[in-house]
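> Just the structure for this:
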Amino acid sequence: RSMEGLAVREAAGFLDGATIAIIVVENTGRRVAAYVGGHDYLGPQGQFDAARAVRSPGSTLKPLIYAFAFDDLTLHPETKIADTPIRFGNWAPRNFDRGFRGEVTVREALQESLNLPAVAVLDRVGPDRFRAGLQQVGIRLDLPRAAQAAGLPIALGGAGTTLSDLVTLYAGLANHGRMAWPR
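Residues are numbered from 1 along each chain as shown. Okay, the predicted model is just below:
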């Protein structure tokens, strides 16, 4: 009930009719403690479970991208990385605030959710390899219809997934990388 109330309160702050979904999982046992599929389940959209809807994950995949590089031993949290303008063919990603920090540690880049370092790390890891790694543990990333292969924009939300899958991934991070589905 408290999560349902939270969802309703948070949704009231959005003018665009956003739907709020919440899943709370106890990391150690993977028990689902709360599941709110939407703040207005019986509202005008009908019975819509936003926790299972495929949406852009925004920046939430960045920690996993860095985790792949850590596993490869190509990066460490204190490794210096550039947060400077960069181009990948016709695409020039930017940070949300449109600024640049110069040289930062990977830790700082992740803490500040910097886009350019995350895209550069995904370029090292390989977007197809990253997507395949998620698929190996049962997590699906839906690419845009025009895309034939995973691309670097997935670092910034350019592929779809569900809140349920994100919760599963984050619970795995909290459990030293061991994946298990919430119950």
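> what bits of the chain have low per-residue confidence?
Applying pLDDT under 70 to the chain flags the ranges 45-46.
> Provide the secondary structure category for Ile139.
On the three-state scheme (DSSP: H, G, I helix; E, B strand; the rest coil), Ile139 is labelled coil.
> isn't it right next to Thr168, touching?
Yes. The pair Ile139 and Thr168 qualifies as a contact (C-beta atoms under 8 Å) at a distance of 6.7 Å. Heads up, the C-betas are built off the backbone N, CA and C, glycines and all.
> How much space separates Met179 from Pro77?
22 Å (C-beta to C-beta, to the nearest Å).
> higher neighbour count, the two?
Neighbours were counted for Met179 and for Pro77 using other C-beta atoms under 10 Å; Met179 has more, 16 against 13.
> ok, that one - contacts?
Val137, Gly138, Thr168, Leu169, Gly172 (C-beta atoms under 8 Å, 6 or more residues apart in numbering).
> which residues make contact with the helix or strand hosting the last one from outside it?
Think Gly172. Under the criterion of DSSP states H and E, Gly172 resides in helix 163-174. Residues outside helix 163-174 that contact it (C-beta under 8 Å, 6+ apart): 21, 23, 25, 27, 30, 50-53, 55, 57, 60, 63-64, 67, 134, 137-140, 178-182.
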